[in-house]
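*Asks:* model the structure of this input:
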Amino acid sequence: ALKGLAQAAPKGDRRLLEAFGLRLEDPDEGVRLAAVEAILLVAEPCDEFAVEQIVARLGHLDRGVRRIASEALPRLVTTGDGCSIRKVRAILELHPDDQVRNLALQVISKLVVEADTRAVDAAGVLVA
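*Replies:* Numbering: from 1, shown residues only. Alright, predicted model coming up:
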C-alpha cells in the first residue's frame, strides 16, 4: 500500500514524507522497510526534509528503528552530502546513548568521500 501511494505521489510531497517517516517507527519490520522504499520514491534529490525524517530515527529507542534508519540514509543521499553529515554529526555530539553515537559514526563512514575533513571532524567528537 505504501509503495502504491508513493508511486502516485508528486516528488517532494512533505505530508507523505512525514507520514512515511512515522511508519519507520512501526513495530512491524515489513512496514518499516516499505516506509523506507516509499521515502526513496517520493524524496527529491538532496531532499533535506526526507533526510530529517530518517536522521530523526537514528536516536529512536527501538533498535530495529535505528537499524532501518542507518541503512536507509546512505541510500537517500549522495556520498559527501554535507547536509546529511552535519545532521548526523549533531547526533554524535548531542545524543546521550553510546550505541546511538556509534551507529551515527557508522552512518557517517558510509557518507564520506576520501579525505573528507568533515567526517574526520565528526569522528573526533567521539574521541574528544
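*Asks:* now the helices for this structure?
*Replies:* 2-8, 14-23, 29-42, 48-55, 63-76, 82-94, 98-111, 117-127 (DSSP state H).
*Asks:* how much space is there between Cys46 and Gln53?
*Replies:* When distance is defined by Cβ to Cβ, to the nearest Å, Cys46 is 14 Å away from Gln53. Just so you know, the C-beta spots here come from the backbone N, C-alpha and C atoms, and that holds for glycine as well.
*Asks:* what does Glu71 give?
*Replies:* Glu71 is 14 Å from Gln53, by Cβ to Cβ.
*Asks:* who has more neighbours, those two?
*Replies:* Legend: neighbour count by other Cβ atoms under 10 Å for Glu71 and Gln53, higher for Gln53 (25 against 14).
*Asks:* so that one sits right up against Arg15, yeah?
*Replies:* No - counting by Cβ atoms under 8 Å, Gln53 sits too far from Arg15 to count as a contact (11.7 Å).
*Asks:* quick one: least confident helix or strand in the protein?
*Replies:* Of all helical and strand segments in the chain, the minimum by mean pLDDT, DSSP states H and E falls on helix 117-127, at a mean of 62.
*Asks:* can you give me the neighbour number for the closest residue to Val51 other than its chain neighbours?
*Replies:* In space, Val51 comes closest to Ser84 once its chain neighbours are excluded; the distance is 5.3 Å by Cβ to Cβ, 6 or more residues apart in numbering. Ser84 is flanked by 24 other residues according to other Cβ under 10 Å.
*Asks:* check Ser84 and give its pLDDT.
*Replies:* Listed pLDDT for Ser84 reads 78.
*Asks:* ok, it - contacts?
*Replies:* If a contact means Cβ atoms under 8 Å, 6 or more residues apart in numbering, then Ser84 has Val51, Val55, Leu73, Leu76, Val77, Leu111 as its contacts.
*Asks:* alright, I will stop here.
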